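Enquirer: Predicted model and sequence below, questions to follow.
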Amino acid sequence: MEGRSHTERWAYQRLYQDSIFTLCTRLYPYLRRPVFQAVSRTVAWTYAMTQPTVREVVRRNLQLLRKEPVSMAEAGRVFVNFGATIADYVAVGAMPVERARSLQENDGGLEHLRAAMAGGRGVILATAHFSFFEYGAVALGKAGIPLTIGTLPEPTASLTEWRAKWRQRWDTETVPVGADPFSSIQIVRSLDAGRCVALLADRPIAEHGLPIDLPNGRTLFSTAPAILAAMTRCPVVPVIVRRLPGGKYRLTAKPPIRVEATSREQRKQAIEDCTRQIAAGLFEEIIQHPTQWYQFVPVSA
C-alpha cells in the first residue's frame with residue numbers, strides 16, 4: 001500500500017476531478033480568494049500530514065537541489081504552496097478578467113521572447129512543474145502573445161475538456177499530445193502559424209530523458225523541447241512563473257536557445273546541449289524557490 005504512487009491514492013482520485021473544480025468555481029463568488037486560499041492550504045496540509053510516504057518523496061526531490069539537509073517540514077510547505085496554487089487556479093478562472101490580470105507583477109525577460117518571435121516563426125516555451133505555471137496563459141495573453149499548450153491527457157476526458165476551457169478564456173489553445181509531443185502535427189502547425197508552444201520539461205514521460213546534474217544529485221530532463229527545436233528550427237525559450245510574497249505572480253523568460261547542427265552526428269550532441277541549457281535556465285529559478293517545485297513523484301536519476 002505504501003508503495004503506491006500519489007495518483008493512485010484515494011484522496012487524489014476523489015479531489016482531482018472536473019466536478020470538484022466546477023463546484024469550487026461556482027462557490028468562488030461567495031467565498032472569494034482569501035477564503036479559497038485558507039481552505040485549500042488546509043486541505044493540502046492535511047493531505048501531507050496523512051501521507052508521509054508522499055511527503056518523503058517530496059523531501060528527497062528537494063534534497064537534489066541542495067547539500068544541506070531538507071526537513072519534512074520543508075517538504076510539507078510544498079503541499080501548502082500547492083494548495084494555494086490550486087486555489088488561485090480556480091479563482092483566476094472565475095474572477096473578472098481584469099482582476100485576474102492584476103495578479104501579474106512586472107515580467108522579466110519578455111524582450112527575449114519577443115526577439116525570438118521576430119522572425120515570424122513560433123517559439124517553443126520550456127517550463128516546469130513550478131508554482132502556478134498555468135498563469136503563463138494569462139500573462140502571455142495580456143501581452144498579446146498567442147499560446148498553444150501541449151499537454152498529456154488528464155485522467156478523464158471531462159477533466160481534459162475542463163482544463164482546455166479554462167485556457168480558452170485566455171485565448172490559449174490546448175493540444176493533447178499523448179506520449180509523443182514533438183510528432184504532433186497540430187504542434188508543428190501552431191509553430192508554423194507563429195504561435196508559442198509550451199511544454200513541461202522537468203519530467204520526461206514517454207522518453208528516457210537526459211540526466212542533468214543538480215547541486216546534490218541528478219534528475220532526468222525531457223529532451224522533447226530540444227528535439228522539436230531541431231525538427232522545426234524554432235528557438236526554445238525557458239519560461240517560469242513564480243508566486244511572489246504578496247500573492248502576485250511574475251513570469252520570467254530566459255534568452256532563446258537554438259539547436260544548431262549540420263550533420264546527423266552533430267544533431268544528437270546539439271539536442272543534448274540544448275536540453276542542458278534549458279535545464280540550467282529553469283533550475284536557476286527552482287533552486288532559489290524550492291518549495292514551489294511541485295514534484296510528487298520520485299525524480300532522482
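Expert: Structure received.
Enquirer: Can you list the buried residues in the longest strand belonging to the chain?
Expert: The residue-count maximum for a strand in the chain (DSSP state E) belongs to strand 236-243. Within strand 236-243, the residues that qualify as buried are 236, 237, 238, 239, 240, 241, 242, 243, counting by 16 or more other C-beta atoms under 10 Å. No exception for glycine: its C-beta is placed from N, CA and C like everyone else's.
Enquirer: Now it - C-alpha only, PDB.
Expert: Extracted in PDB, the C-alpha atoms of strand 236-243 (Å, rounded to 0.1, in the frame of the first residue of the first chain):
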ATOM      1  CA  VAL A 236      13.400  27.400 -27.300                       C
ATOM      2  CA  VAL A 237      12.800  29.900 -24.500                       C
ATOM      3  CA  PRO A 238      12.800  28.600 -20.900                       C
ATOM      4  CA  VAL A 239       9.900  30.300 -19.100                       C
ATOM      5  CA  ILE A 240       8.900  30.100 -15.500                       C
ATOM      6  CA  VAL A 241       6.100  31.600 -13.400                       C
ATOM      7  CA  ARG A 242       6.800  32.300  -9.700                       C
ATOM      8  CA  ARG A 243       4.500  33.300  -6.900                       C
END
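Enquirer: Quick one: low-confidence residue ranges for the stretch 151-300 of the chain.
Expert: Counting by pLDDT under 70, the stretch 151-300 of the chain has low-confidence residues at 178-183.
Enquirer: can you give me the strands in it?
Expert: For the stretch 151-300 of the chain, the strands defined by DSSP state E, counting those that start in this stretch cover 172-176, 196-200, 210-214, 217-221, 236-243, 249-253.
Enquirer: Adding distance to residue 65 as columns, could you present the ones you listed in a markdown table?
Expert: Listed next are the strands of the stretch 151-300 of the chain as a markdown table, based on distance: least, C-beta to C-beta, whole Å:
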| stretch | distance to residue 65 |
| --- | --- |
| strand 172-176 | 30 |
| strand 196-200 | 18 |
| strand 210-214 | 6 |
| strand 217-221 | 9 |
| strand 236-243 | 14 |
| strand 249-253 | 18 |
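Enquirer: Relative to residue 29, which of the ones you listed is closest?
Expert: For residue 29, the closest of these is strand 249-253, at 21.8 Å, according to C-beta to C-beta.
Enquirer: can I get the CA coordinates of the closest one in CSV?
Expert: Output of strand 249-253 as CSV, limited to C-alpha atoms (Å, rounded to 0.1, in the frame of the first residue of the first chain):
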residue,chain,number,x,y,z
TYR,A,249,2.9,36.2,-10.0
ARG,A,250,5.9,37.1,-12.1
LEU,A,251,6.8,35.5,-15.4
THR,A,252,10.5,35.2,-16.3
ALA,A,253,11.7,34.4,-19.8
